[in-house]
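Visitor: quick one: sequence plus predicted model below, questions after.
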Amino acid sequence: MYNQLTPEIIDQIKAVSDHVTIGADINEDYAKDEMPIYGTHMPDLAVTPRSTQEVADVVKICYDNNIPVTPRGAGTGLAGGCVPLCGGVLIDLSRMNKILSYDLENFVVNIEAGVLLNDLAEDCLTRGMMYPPDPGEKFACVGGNVATNAGGMRAVKYGATRDYVRAMTVVLPTGEITHLGATVTKTSSGYSLLNLMIGSEGTLGIITELTLKIIPAPGFAASLIIPFEDLKTALSTVPKLKMAHFDPQAIEFMEREIVLVSERYVGKSVFPQELEGQEIGAYLLVTLDGKDEDEVYTLIEQAAELVLEAGAMDVLVADTPDKMKDAWAARSSFLEAIMEETKLLDECDVVVPVNKIADYLEFVNKVGKECELEIKSFGHAGDGNLHIYQCSNTLEEDVFKDRVDKFFDIIYKEATDIGGLVSGEHGIGSGKIKYLVESVGDTNMAIMEGIKRVFDPKMILNPGKVCYRL
């Protein structure tokens, strides 16, 4: 279907880019993302461009010669989205990492797509501003966050990445450069090509620059570690917190076992394991913010009263930067901690209605036992986005994959049946296409593939992902 790179095509690419590697010089990390269970495939050539025009020139050559192109950021994805399944050319945007300008009168920042989330967040704070999206992997590229519409911990109050993208520069699969969106807040100007590009996982175009909405940073924030005897009681408290007008910045849930794994990894114990001789089974980690300390402490007192009445065993307050950092260190390290102790790993980030979380997780744990898999779960209690990991240190890989397939078949169907979706923030990549088909149906998949063909007539851009099955 695709052509092979020839010496002549390689010379053409080298003529427009000084940042080319081929053969044994290519970084081995380019063969995979953070979830290598979905396969490893090396590109034939890699480019680390420094400008939109350089990206466009390389893509135009690939389009003219029918060479597959895979865009990549920091490679922190979890669904195989940046794996070059068909070889060809990989374009690594991580060196396009400049914060270009701020327009504080219009509350936007303009960046290149390779800027790291952590760098953007910290730079905004130096100006008294906040970029609210807060995915767990702080060293992902913001362009990758946009490509998957990443959500993160603060989505319950501030929304997902999509809500902060005002405009972007995109290189289309033909090599054309286009600009989508504008600095303005409102638009009713034709189809929203901007929103179509957000979450498209590099299958419709390569995002090279972004204009992002930012907001004034809250004056004060504090986190609450709230232990419960069991997960069901913890999760039943979440709607009460949301209905009480506390407007929490984040509401995360975690079971005891995942906390123990993570605290072993970070080497510090912050979450209590028992209270008055009673073992703790689950936790909520809640962050409240406001204009000043007095406002936030009033919220803390009211929230503490509410959760204790709802069955919480205690409320621990982290109200200094160091205490908050420690409280969130375990939560932010969950994936790395699991990987450290696990030989074989797969995951899903299914999203379900908030009032169905507890029952759904009970169902998931039951199916996990039936499939003889070790299951570790945590996630965003405020918006129903669950991170469910399947782990094994004893199974052979083929046996593990077979069991995980069976597990996914059952739990994704249940999620769809109760009004959920396949992914809340990690995306479909190559690893979840089968389950997307089963969830949305053939008609919707055909519409998505039709859109893909309009943008990418030769189907060269990130083939084998989202809706285009190889």
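Guide: Structure received. Numbers count the residues shown, from 1 in each chain.
Visitor: going forward, measure contacts and count neighbours with C-alpha atoms only.
Guide: Will do.
Visitor: tell me the buried residues in stretch 96-107?
Guide: 96-99, 102, 107 (16 or more other Cα atoms under 10 Å).
Visitor: same question for it, mean pLDDT?
Guide: Averaging pLDDT along stretch 96-107 yields 98.
Visitor: show me the contact partners of that stretch.
Guide: For stretch 96-107, contacts defined as Cα atoms under 8 Å, 6 or more residues apart in numbering pick out 49-51, 108-116, 120, 183, 208, 213-215.
Visitor: quote the end-to-end distance of that stretch.
Guide: 22 Å (Cα to Cα, to the nearest Å).
Visitor: pull out the buried members of the contacts of stretch 96-107.
Guide: Using 16+ other Cα under 10 Å, the buried ones in the contacts of stretch 96-107 are 49-50, 108-116, 120, 183, 208, 213-215.
Visitor: mind checking which of those residues land in strands?
Guide: Secondary structure from DSSP state E places 108-112, 208, 213, 215 of these in strands.
Visitor: where do the helices sit along the stretch 251-400 of the chain?
Guide: Remark: helices assigned in the stretch 251-400 of the chain by DSSP state H, counting those that start in this stretch are 256-266, 293-309, 321-332, 334-341, 357-370, 397-417.
Visitor: next, the buried residues of the longest one.
Guide: Going back to what we said before, that points to helix 397-417. So helix 397-417, judged by 16+ other Cα under 10 Å, has buried residues 400-401, 403-404, 407-408, 411-416.
Visitor: over to the third one?
Guide: Within helix 321-332, the residues that qualify as buried by neighbour count (16+ other Cα under 10 Å) are 324, 326-332.
Visitor: what is the nearest of the residues you listed to residue 71?
Guide: Using Cα to Cα, residue 332 comes nearest to residue 71 of the buried residues of helix 321-332, at 26.0 Å.
Visitor: these two touch, right, that closest one and residue 134?
Guide: No. Residue 332 is beyond contact range of residue 134, at 10.6 Å (criterion: Cα atoms under 8 Å).
Visitor: next, the contact list for residue 252, please.
Guide: 153, 284-286, 378-382.
Visitor: show the buried residues in these.
Guide: 153, 284-286, 378-382.
Visitor: gap between residue 109 and residue 121?
Guide: For residue 109, the distance to residue 121 - Cα to Cα - is 11 Å.
Visitor: got it, and residue 243?
Guide: Taking Cα to Cα, one finds residue 243 at 29 Å from residue 121.
Visitor: correct me, but residue 342 touches residue 393?
Guide: Yes. Using Cα under 8 Å, residue 342 is in contact with residue 393, at 5.8 Å.
Visitor: closest to residue 204 out of the buried residues of stretch 96-107?
Guide: residue 96 (19.5 Å).
Visitor: what about residue 226, how many residues nearby?
Guide: 23 (other Cα atoms under 10 Å).
Visitor: quick check: it is in a strand.
Guide: Yes. Under DSSP: H, G, I helix; E, B strand; the rest coil, residue 226 sits within a strand.
Visitor: that one contacts residue 281, correct?
Guide: No. Contact criterion Cα under 8 Å: residue 226 and residue 281 do not qualify, at 11.1 Å.
Visitor: neighbours around residue 273, how many?
Guide: Residue 273: 16 neighbours (other Cα under 10 Å).
Visitor: ok, it - contacts?
Guide: By Cα under 8 Å, 6+ apart, the neighbours of residue 273 are 256, 279-280.
Visitor: present those as JSON lines; the columns should include pLDDT, distance to residue 12 and neighbour count.
Guide: Formatted as JSON lines, the contacts of residue 273 follow (pLDDT from 0 to 100; distance: Cα to Cα, whole Å; neighbours: other Cα atoms under 10 Å):
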{"residue": "256", "pLDDT": "91", "distance to residue 12": "56", "neighbour count": "23"}
{"residue": "279", "pLDDT": "95", "distance to residue 12": "65", "neighbour count": "15"}
{"residue": "280", "pLDDT": "96", "distance to residue 12": "62", "neighbour count": "19"}
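Visitor: wait, which of those residues is closest to residue 372?
Guide: residue 256 (20.2 Å).
Visitor: quick one: residue 364 from residue 234, how far?
Guide: 17 Å.
Visitor: same question, residue 243
Guide: 15 Å.
Visitor: the two - which one has more neighbours?
Guide: residue 234 (25 against 9).
Visitor: wait, is the more buried one part of a helix?
Guide: Yes. Looking at residue 234 with three-state DSSP, it is inside a helix.
Visitor: please look at it and residue 283 and confirm they touch.
Guide: Yes. Counting by Cα under 8 Å, residue 283 is a contact partner of residue 234 at 6.6 Å.
Visitor: which neighbours do the two have in common?
Guide: 227-228, 253.
Visitor: can I get those residues in TSV with distance to residue 174, neighbour count and pLDDT?
Guide: Below are those laid out as TSV (distance: Cα to Cα, whole Å; neighbours: other Cα atoms under 10 Å; pLDDT from 0 to 100):
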residue	distance to residue 174	neighbour count	pLDDT
227	54	31	96
228	55	27	97
253	44	22	95
